[in-house]
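**Q** dropping a prediction and its sequence here:
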Number of protein chains: 2
Amino acid sequence: MSLQENSESLTERQQAVLDATLAVMVEEGDALTMASVSRRASCSKETLYKWFGDRDGLLTATVRWQASKVHVPLIDKARLNKAALTATLETFARDWLNVISSGTSIALNRMAVSHAASGKTNLGSIVLKNGRHAMGLRLEPVLMTARDAGLLLFEDADDTFRTFFGLVLRDTQIRLLLGDDVKLAAPQILADAKRATQQFLALYGPRHDLNLQTPKREG
Amino acid sequence: MSLQENSESLTERQQAVLDATLAVMVEEGDALTMASVSRRASCSKETLYKWFGDRDGLLTATVRWQASKVHVPLIDKARLNKAALTATLETFARDWLNVISSGTSIALNRMAVSHAASGKTNLGSIVLKNGRHAMGLRLEPVLMTARDAGLLLFEDADDTFRTFFGLVLRDTQIRLLLGDDVKLAAPQILADAKRATQQFLALYGPRHDLNLQTPKREG
DNA sequence: AGAGAACCGTACCGTTCGTTACGGCTCAAT
DNA sequence: ATTGAGCCGTAACGAACGGTACGGTTCTCT
């Protein structure tokens, strides 16, 4: 649909229009109309259609645009001792909680969930790719390095990451998406990040007596 | 809006209409129209409006109706030893995974998330109340009893439940809502339930050396 | 049987919104 | 200066859909 497949070919003006779209999306959610976007962006509807094809194209381009803005800094894996691993996990968890509690993230995820129902667009896969999967790709090398250094014990890195996911986010994301006003001030986020990290290390650290492993699949 | 505040005052026919609505919801998501419901339910639109007021009333009644169908059996808290606690947690986790991976649950949660964006209805709070919160109310007495029996160590039951939530669901629910086809066959669900239970017991069981507790909030 | 209530099926109305069309403005190139 | 491309603002069209009206049918009660 959309002519814009990669974010690089966007002009300044087009980026500004997508930012305006993003703002409308945060405010109005799926009730976003082409008219409201053109009003907010101070552009004509004709331009929107010329640039992005149709409404779905605009939404897709907006989601892609937001995704391209979130550049995940690679984590330094050199000299990874226990303290560094702990700090890395805590920072990772804190950043993540900050992201998913932001209005932009909530709006994007809600939009993607809505569209996943009708299945006419693949916003869900885009959000998933730049959210959950990007986080996995970012953290798993750290986990592998930590395992090599004897700091962690696990078999499947992806499965281990999923547990970290659960310990960090717990019911926070779904409650946010469902409109529950979860109190997420900075101190609370920091405390949650520390707790999740400690629990994760307790489960996968080598000092754990039970040497807990993921039970092998049956069947 | 709706005249039906409690599920008890629903006639057989009305329940059948709501079941039809549910089916349409699973198939078409938020693209559900009054016409499609009346077609599926073999009733007139006039009846829909007479019974449920408007579209939001129909959706709300449907969500309530589905919620009323999920009756949570209370858990026997008597004689709760370690084996019984483990079995209870595993069963709880397994049932829960089965519920959230069902088409009905996915459709309902998607609908509620969509409406939470516009904020015109409170489907989100209804789903939350009968999903996340119902689970908490169901499990927390077990946790308290287990703590009294010396089987668990924790301070805040709600916080502890949230960790169990995270260990069981991890990224499964959000991936399902976003349209990712997670493979969730019965054996996999059982394995996940066992893993989550073992991890939970490792974190909160009294045999844990580190005596891990939720870090107290700072600030 | 007859009356009346409830309901089905369909047609209809008004609004919203995606999409298109068009006149006028800006600005760069010739 | 002229021209033409690109874009803004607005108007207009058509489809979809929420909501309403109404004739015809079935069922219940008497």
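**A** Received, thanks.
**Q** which ones are touching the residue nearest the centre of chain A?
**A** Closest to where the C-alpha atoms of chain A average out (CA atoms, centre = their mean) is A:Gly131, at 2.7 Å. By CB atoms under 8 Å, 6 or more residues apart in numbering or on different chains, the residues touching A:Gly131 are A:100, A:105, A:109. (Glycine included, C-beta is placed from N, CA and C.)
**Q** and which of these is nearest B:Leu48?
**A** A:Asn109 (31.2 Å; CB to CB).
**Q** can you give me the helices for chain A?
**A** Secondary structure of chain A (DSSP state H): helices located at A:12-28, A:34-41, A:45-52, A:55-69, A:82-100, A:103-118, A:123-128, A:134-148, A:157-169, A:172-177, A:186-204.
**Q** got a markdown table for those, with mean neighbour count and distance to DNA strand C too?
**A** Formatted as a markdown table, the helices of chain A follow (neighbours: other CB atoms under 10 Å in any protein chain shown; distance: least, CB to the nearest atom of the strand, whole Å):
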| stretch | mean neighbour count | distance to DNA strand C |
| --- | --- | --- |
| helix A:12-28 | 18 | 9 |
| helix A:34-41 | 17 | 4 |
| helix A:45-52 | 16 | 4 |
| helix A:55-69 | 20 | 4 |
| helix A:82-100 | 18 | 27 |
| helix A:103-118 | 22 | 13 |
| helix A:123-128 | 22 | 15 |
| helix A:134-148 | 17 | 29 |
| helix A:157-169 | 22 | 31 |
| helix A:172-177 | 23 | 22 |
| helix A:186-204 | 20 | 35 |
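**Q** mind putting the contacts of A:Gly131 in a markdown table, pLDDT and distance to chain B included?
**A** Below are these laid out as a markdown table (pLDDT from 0 to 100; distance: CB to the nearest CB, whole Å):
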| residue | pLDDT | distance to chain B |
| --- | --- | --- |
| A:Ile100 | 96 | 10 |
| A:Ser105 | 96 | 12 |
| A:Asn109 | 97 | 8 |
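**Q** make TSV from those and add distance to B:Arg64 to it.
**A** Formatted as TSV, the contacts of A:Gly131 follow (distance: CB to CB, whole Å):
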residue	distance to B:Arg64
A:Ile100	29
A:Ser105	30
A:Asn109	25
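**Q** which one of those residues is nearest A:Ala157?
**A** Nearest member of these to A:Ala157, counting by CB to CB, is A:Ile100, at 21.6 Å.
**Q** how about the contacts made by A:Arg39?
**A** Per CB under 8 Å, 6+ apart, neighbours of A:Arg39: none.
**Q** my bad, should have said A:Gly136
**A** Shown in contact with A:Gly136 (CB under 8 Å, 6+ apart): A:158, A:161.
**Q** cool, A:Thr47 as well?
**A** A:17, A:38.
**Q** mind redoing it with 7 Å?
**A** A:Thr47 makes no contacts at all, as judged by CB atoms under 7 Å, 6 or more residues apart in numbering or on different chains.
**Q** ditto for A:Ala193
**A** By CB under 7 Å, 6+ apart, the neighbours of A:Ala193 are A:90, A:93-94, A:97.
**Q** so what's A:Ala134 closest to, chain neighbours aside?
**A** Spatial nearest neighbour of A:Ala134, excluding adjacent residues (CB to CB, 6 or more residues apart in numbering or on different chains): A:Val72 at 5.8 Å.
**Q** confirm for me that the one you found is in contact with A:Leu137.
**A** No. Using CB atoms under 7 Å, A:Val72 is not in contact with A:Leu137, being 8.1 Å away.
**Q** what do those two both touch?
**A** Joint contacts of A:Val72 and A:Leu137 (CB under 7 Å, 6+ apart) do not exist.
**Q** before we move on, the earlier item: B:Ile189: which of the helices of chain A is closest?
**A** helix A:157-169 (14.3 Å).
**Q** outside of that closest one, which residues touch it?
**A** So helix A:157-169 is contacted by A:93, A:96-97, A:100, A:136, A:139-140, A:143-144, A:154, A:196, A:199-200, A:203-204, A:214, B:163, B:166-167, B:169-171, B:199 (CB under 7 Å, 6+ apart).
**Q** so what's the nearest residue to A:Asp30 once chain neighbours are set aside up against?
**A** Nearest residue to A:Asp30, sequence neighbours excluded (CB to CB, 6+ apart): A:Ser114, at 5.1 Å. A:Ser114 makes contact with A:30, B:30, B:110, B:113-114 under the criterion CB under 7 Å, 6+ apart.
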